[in-house]
Structure formats: structure tokens, C-alpha cells
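In: dropping the sequence and predicted coords here.
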Amino acid sequence: MTPPAGHSGARIGVLLVNLGTPDAPEPGAVRRYLAEFLSDRRVVEIPPILWQPILRGAVLTTRPAKSARAYRLIWSDAGSPLAAITRAQADALQADLGPAARVTYAMRYGEPAIGPAIDALIAAGCDRILVAPLYPQYCGATTATAVDAVGAHLATLRAQPSLRFLPPYPDDPAYIGALKASVEAGLAALDFAPDVLLASFHGMPERTRALGDPYHDQCQTTARLLSDALGRPVEVAFQSRFGRARWLEPATEATLARLGGEGRSVAVFAPGFAADCLETLEELAIRGKQTFERAGGRNFAYLPCLNADVAGLEMLTALVRRELAGWLPG
Ligand SMILES: C=CC1=C(C)c2cc3[nH]c(cc4nc(cc5[nH]c(cc1n2)c(C)c5CCC(=O)O)C(CCC(=O)O)=C4C)c(C)c3C=C
Ligand SMILES: [Fe+2]
Ligand SMILES: [Fe+2]
């Protein structure tokens, strides 16, 4: 194998990071996953002395069984869709980059964990690692906590690799172009022409916006640029409300109920998710559709995420190759 030019023969590592998902659609596995996820202070910003009793009490005794039922509806032969799609994205990126780089993936919560994935890259000879959190819009609860976990692992190492991080890409032409292509292909496959395009982003507590998290603004930017690219309006809503605090509005569920009641036809898609997962396949495509139809709506479609489809992979390789400039040969 020819060593990459530019430095002393070591390899470049690329680590894709996504959120994480349970190992199985069973209450025990979901409980382990939720306990780790919802104990992250970047995700639930309530002091642990108040939050942990609620989490260990009400949340972890009731939610795992309910969520496990939802996971069962979307589980595939390859496992959880989020894990299977992230693996496919890593494999495709590896095929594109070839032997000059080693590509792997990790999950912020659950397996494969970030620390062992970094160790495996180092063991394979990588002394330069690009970490790519697969969240187009920056959020403390997603991007920052992935970066925190990488930093926490590096704090345990005597010999650290050099690191780069893929910046958030809410307005990147490669991302907007991929979304445009994906939405247009999705619309072309429908047997009706939706009069509303609804972009549903994962929600966050409203107060995080006042505290300076750029997430909300970056979601609006993505939707505006996509609307410009498509040449038609794109409505924005925020899904997956959790807990009692005020979350970003409008809520996807209320928006779908309103659109159904108004007799509109709708295509929903989730530009903030790099891969389809519980939040899209169950919450939008199954429950969102029910909400819309129960309100009287007739024509509903859910358009898939970028996933490991051609447009999504072209975008991912373009973003990653750009960040590897000066590391990769030529
Ligand atoms: C306080 C709770 C939550 C915050 C804040 C939050 C932010 C957030 N999440 C994602 C992406 C995903 N979330 C997923 C699942 C999920 N999210 C929460 C709660 C919060 N998310 C819960 C409790 C769950 C688990 C499922 C459930 O029990 O309802 C997933 C899907 C995982 C999968 O296995 O498929 C993703 C992806 C973003 C982008 C975000 C902030 C911007
Ligand atoms: Fe979430
Ligand atoms: Fe959800």
C-alpha cells in the first residue's frame, strides 16, 4: 500500500459520530440507552440532584417499555436503522477515500462508543483524526456533547492524535443541494402533489435559544436556503417534545393536526437528521401520519433523510474531503 504523501506514512482517521440507539428493541436495552442519554447534562439541563430522582423514578420505569414498542415498529434485519445507516455511510465514505484514510463510526451513547473507536484508529496507525458529528445544525445537546466526549477520551491518552472537527453545515451549498435533490426525487415518486412542504427538526427547550444556542437559527437558515433552492415555501416545525418545559415552536404534531384539519396535502421531511431513525420513521412517518389523518387530512407523505443515498453520500464525501485538505494526498 502506498503511504499517503504529506506526512510520515501514518494514516488519516475519519470518525463519523451520531447520537446512538439501543442494542435491541427491548425495554432493558432501551433503559440502558436512555439512562446514559438522559443523564448527559448537555441534554437535560436540570441540576442532577433534582433530575436524577425523576429520571430513575418516573422516566426509566415507564418510558423504556413504551419506546421499545416504538423501536419494534422500525427495527430492521440490520438492526436499528440509525446504526445500520451510519455504518453504511462509513463504509461508503471508506470506499470513496480509499487506503489513504481509515473511516469508522461511533455513537455518543451506547455502542460503538467514541473512546474505543478513537483507540482503534490510533491502533491502525492514524495520528490525525477528523471527527465528523453528523448534525447539520449545531446544538449543545448533540454537537457539543460529541466534542466533549472526544475531549474526555483524549484526556486519558499520553500520546494524542491531532484532531480536526467537521463544522456544522446548515448553510453549506453541498448540504442544501443534496436536500434539494433528495426532496425533488421524493416528490417525483408521489402519486399526489403536496401543497405543503414541512421541514420537521428535532425540538429543544426554548430557553436554550435565549441562552445562546444557535440551533434554532441554524434550522431556520437551512429551511430558508432550501426554500430558495426549491423555489417554493418550506414550513418549519419542531418535533419530539420531552418533559414539561416550553419547547421550540411550532410543534410538528400540532402543525400536522392543523394542516390535516385544513384539508391540505403534505410532504414531511427531516433535514436535521443525517439518518432515518425512531424520530423520523416512527414519530413522523407513522404517528405523524395518524395525527394528520385523524384531523381529516387525506394525502400525507414522509420523505426519507439523506441516509446513504447518492445525494447524501456525495455531500458527505465533499464535506469530509474539504476538511481533510492538506492531510490527504492531492
Ligand atoms: C431532553 C430530551 C431530549 C433532547 C434535548 C434531545 C435533543 C436532540 N435529539 C436529537 C436527535 C435524536 N434524538 C433521538 C431520540 C430521543 N431523543 C430524546 C430526547 C431528547 N432529545 C429521547 C428520549 C429519545 C429516545 C427515544 C424515545 O424514547 O422517545 C434520536 C433517535 C435515536 C434512535 O435510536 O433512533 C435522534 C437521532 C437531536 C438532533 C437533538 C437536538 C437538536
Ligand atoms: Fe432526541
Ligand atoms: Fe420521539
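Out: Perfect, thanks for sending it. Residues are numbered from 1 along each chain as shown. Ligands and ions are numbered 1, 2, ... in the order given.

In: how about the secondary structure of Arg41?
Out: Applying DSSP: H, G, I helix; E, B strand; the rest coil to Arg41 yields a three-state assignment of coil.

In: residues in contact with it?
Out: Residues near Arg41 by CB atoms under 8 Å, 6 or more residues apart in numbering: Pro48. For glycine as for every other residue, the C-beta is placed from the backbone atoms N, C-alpha and C.

In: pull up the gap between it and Leu55, please.
Out: 12 Å (CB to CB, to the nearest Å).

In: sec struct for Phe238, please.
Out: With three-state DSSP as the criterion, Phe238 reads strand.

In: would you quantify the distance from the residue lying closest to it once chain neighbours are set aside to Asp40?
Out: Among residues not flanking Phe238 along the chain, Gly203 sits closest, at 3.8 Å (CB to CB, 6 or more residues apart in numbering). Per CB to CB, Gly203 is found 17 Å from Asp40.

In: try Leu278
Out: In this view, Leu278 and Asp40 are 18 Å apart by CB to CB.

In: same deal with Ala159?
Out: 28 Å.

In: and for Gly57?
Out: 18 Å.

In: can you list contacts of stretch 173-180?
Out: 136, 169, 222, 225-226, 229-230, 271, 306, 311-312, 314-315, 318-319.

In: what's near enough to touch the residue in the stretch 101-250 of the chain positioned nearest to ligand 3?
Out: Taking CB to the ion, ligand 3 has its nearest neighbour within the stretch 101-250 of the chain at Ser240, 4.0 Å off. Each residue near Ser240 by CB under 8 Å, 6+ apart is listed here: 202-203, 279, 283.

In: tell me which of Leu278 and Asp40 has more neighbours.
Out: Ranked by neighbour count (other CB atoms under 10 Å), Leu278 and Asp40 place Leu278 first, with 22 against 15.

In: remind me which residues of this structure are low pLDDT?
Out: 1-10, 330 (pLDDT under 70).

In: and the residue nearest the centre of it, what is it in contact with?
Out: By CA atoms, centre = their mean, the chain has its centre lying nearest to Phe273, at 3.8 Å. Going by CB under 8 Å, 6+ apart, Phe273 touches 202, 279-280, 305.

In: leaving out chain neighbours, which residue sits closest to Glu253?
Out: Closest to Glu253 by CB to CB, 6+ apart is Thr291, at 5.6 Å.

In: where's the one you found, which helix or strand?
Out: helix 289-294 (DSSP states H and E).

In: what do you get for Gly13?
Out: strand 11-18.
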